[in-house]
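Peer 1: Next comes the sequence, and after it the predicted model I'd like to discuss.
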Amino acid sequence: MTVPTNPLLHYNPYEAKHQLDLSLAKAYLLLHSQLKPPFPLTIPSPSEYALLTQALAFSLLTQPDLTKINLKHLHASATDGYDIFTTTLLNLTDNCYPKLLPVPRTQLLFLCSQLINVAAFKVDSLVISLLRRINGGDFTEPNLWLCAELAKILSDNWDWLIDEPLVLTSALFVFLRLLADHYRLVSGPQLDELKRLEISFCIRVLRNCFHLCLGIGRDLIRLLQDLFVIPEFKELWKDLICDPCKFGVLGFSDLCDIYRIKTPRHYFLLRISQEMEAQLRFLLTHVKWVNQQRYQVWFAKKYLSLPGSETVIVDVIRFICQCYHPSKEIIQSNVISRWAVIGWLLKSCKRNYFEANAKLALFYDWLFFNDTIDSIMDIEPAMLLIVSSVPQYMEITHCLLEFLFLVVDNYDVQRKNVIAKGVLGAFNALVKRGVVHSLEVLMNCDKLSPFLREKLSKFLFDKALVSQEKEIIQMQSGDHQDQIAGMPEQAHQWL
Amino acid sequence: MPKQSWMKLKDLTPAASNSINATVILVEKGNTIEEDKEKTKTCVALVADETACVNFQMWGDECEAFQPGDIIRISKGIFSRHKNKLLLRAGKRGSVEKVGEFTMLFVESPNMSEMRYMPDANQPSKLVPESQLTKP
């Protein structure tokens, strides 16, 4: 007699069943009769407990009618702080989320909120994995639904959230990033509710937990810039620039205090999916020069083909610069270099707006480069893309250098010297560490436009940069009106 | 029941038996055409692993099921001549399923479908690629 089960995952024809699905279903088939009361009063052995947890997970995900009884059973039997149960859901999220059918998907989010209620072990990791599952540049209904669900769950569990700084700041990072796309790229009544949720969540976090938000570091500014058009964020910007004390955080009196803080690398994982990460790591670890073409076509077809989806290129570039630092062996081998993959990604941007943001993502670590806290590997890809494009692809070299100087002059006019110092430090470090032998390759390049050669020369030997410390002190006590006028511009206006 | 042994494409030799077990990645897909009087759909794709590539023929709804970049596991497939072309296919007794995407290295030569196979001098019943012929 076969036991009827509801499916957990969606399979296309000829698709192999997923191992996790098979083992959860197997556990359910073995123990389904024990999921009905009366529940045994004996304490199960560790392996019995693991099997029971898996059976319960399968039933909870696929049989919503039995939720009440299954939850009772789960709460009654949990002896490990729900560790195995949450880990099971975490594995499912990391490995199978895109294949989850609608009912299990809804149940998964519901179970996540239940686990938050009981402060289950590892529920913080589950939330972060789910946040990663909100695809960038994907405006389809299931994806926007996930976004709204998570925003609601986190807003409804504020007391839990403020005791979880990592989840709090990760969620802020994610929703700030998504808001930029939701506000700018799509419109519609369903989206209005989502945008309202996102804005309200982000502003609440920023206004109430700014001391924790500082931990995000300089990329927080990059994210906030794109939201300047939103009225609530415009107000926030006014306070950031003119009334930093309003945030009541010791150690924050100026934007420079945020620029100084390097964004921890794990934030950059948040905006690329688990599969995208695996594919990028594979490409940059194993695929040899010349062979990358096919993989690039497949990657573009999967992630960059829908309108608006190229917005994710910004996040991919941050990931490559910050989260993937190849070993010496890989650099010296024939594996494709990061700068080449980034070059391809930049070329894949169809609209100026995305291209500008992508270039900013590439150079962002240059702007505040500090040799003592930043890694040379964060800035290496941009430098190598610039010099490797000489002489065959001079348009790339020109385009990148022009952009770099534009950013130095316009990114934050009031704090231009800080940024100039950062970029100068980046150039110096790149030469010092041997990423490039010297900058002569650019300064003496006759294919490089005279304008850029002169600009580069002037920039590198500008004695005024030495006295920038004095100017920063002066600026901090300056006229606020000037500072409002000098608020950070958005990237796309620089073209 | 003999245990399934997994092979590399470079070791493919034409045979009438369905004994090919291999994991490959689909590199490029040809057009789907309708063959014979019954209008069965077929489609030939280039599949590959780290050692070689081969032309893989899909039948019926297999044609829509697989896309470039898919990692495919072929069980009990058959590598034989069909209308004067050497093709790998699942065949009536074999199966083919998608097990992943993207994360597999491959080469685009040699193509085992384009090899000339000759009887091995020492074992005339066995076919080997011309380049691997042993001297008698």
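Peer 2: Right, received. Where do you want to start?
Peer 1: how many other residues sit next to the residue of chain A found nearest chain B?
Peer 2: Closest residue of chain A to chain B, CB to the nearest CB: A:Trp298 (3.7 Å). Just so you know, the C-beta spots here come from the backbone N, C-alpha and C atoms, and that holds for glycine as well. Residues contacting A:Trp298 under the criterion other CB atoms under 10 Å in any protein chain shown number 21.
Peer 1: So it: helix, strand or coil?
Peer 2: helix (DSSP: H, G, I helix; E, B strand; the rest coil).
Peer 1: ok, it - contacts?
Peer 2: Contact analysis of A:Trp298 by CB atoms under 8 Å, 6 or more residues apart in numbering or on different chains lists B:Pro68, B:Gly69, B:Glu101, B:Phe102.
Peer 1: For the second one, give me phi and psi.
Peer 2: Looking back up the chat, that one is B:Gly69. phi 100, psi -20 (degrees, to the nearest 10).
Peer 1: gap between A:Leu456 and A:Phe427?
Peer 2: Per CB to CB, to the nearest Å, A:Leu456 is found 9 Å from A:Phe427.
Peer 1: mind checking pLDDT for the residue of chain A closest to chain B?
Peer 2: Looking at A:Trp298, its pLDDT reads 98.
Peer 1: Distance of it relative to A:Lys99?
Peer 2: Distance of A:Trp298 to A:Lys99, computed by CB to CB: 19 Å.
Peer 1: what do you get for A:Cys242?
Peer 2: Look at A:Cys242 and A:Lys99: by CB to CB, they are 50 Å apart.
Peer 1: more neighbours, those two?
Peer 2: The neighbour comparison of A:Cys242 against A:Lys99 (other CB under 10 Å) goes to A:Lys99, with 17 against 13.
Peer 1: I'd guessed that one sits against A:Tyr11; true?
Peer 2: Yes: with contacts counted by CB atoms under 8 Å, A:Lys99 reaches A:Tyr11, the gap being 7.3 Å.
Peer 1: Could you pull out the helices in chain B for me?
Peer 2: With helices called from DSSP state H, chain B shows them at B:62-65.
Peer 1: What about the residue of it found nearest chain A, how many residues nearby?
Peer 2: Here chain B gets closest to chain A at one residue, B:Gly69, 3.7 Å apart by CB to the nearest CB. When neighbours are defined as other CB under 10 Å, B:Gly69 has 21 of them.
Peer 1: what's the answer for the one 5 residues further on, then?
Peer 2: The number of residues packed around B:Ile74, counting by other CB under 10 Å, is 24.
Peer 1: just B:Lys83 next, same as before
Peer 2: 6.
Peer 1: what does A:Glu277 give?
Peer 2: Other residues near A:Glu277 come to 17 when the count uses other CB under 10 Å.
Peer 1: And A:Arg433, by the same measure?
Peer 2: Counted with other CB under 10 Å, residues neighbouring A:Arg433 total 13.
Peer 1: Can you pull the residues of chain B lying near chain A?
Peer 2: Residues of chain B lying near chain A by CB under 8 Å from any CB of the partner chain: B:27, B:61-62, B:64-66, B:68-69, B:73, B:96-99, B:101-103, B:105.
Peer 1: residue ranges of the strands in chain A, please?
Peer 2: Ranges of strands in chain A, per DSSP state E: none exist.
Peer 1: Tell me where it is predicted with low confidence.
Peer 2: A:1, A:463-495 (pLDDT under 70).
Peer 1: ok, and the closest non-adjacent residue to the residue nearest the centre of chain A?
Peer 2: The C-alpha lying nearest the average C-alpha coordinate of chain A belongs to A:Arg271 (CA atoms, centre = their mean; 3.0 Å). Nearest residue to A:Arg271, sequence neighbours excluded (CB to CB, 6 or more residues apart in numbering or on different chains): A:Asp315, at 3.7 Å.
Peer 1: Repeat that for B:Leu105.
Peer 2: The nearest residue in space to B:Leu105 (CB to CB, 6+ apart) is B:Glu50, at 5.1 Å.
Peer 1: Check A:Lys17 too.
Peer 2: For A:Lys17, ignoring the flanking residues on the chain, the nearest one in space by CB to CB, 6+ apart is A:Tyr11 at 6.7 Å.
Peer 1: I'd assumed A:Leu22 was in contact with the one you found.
Peer 2: No: the criterion here is CB under 8 Å, and A:Tyr11 misses it with A:Leu22 at 11.6 Å.
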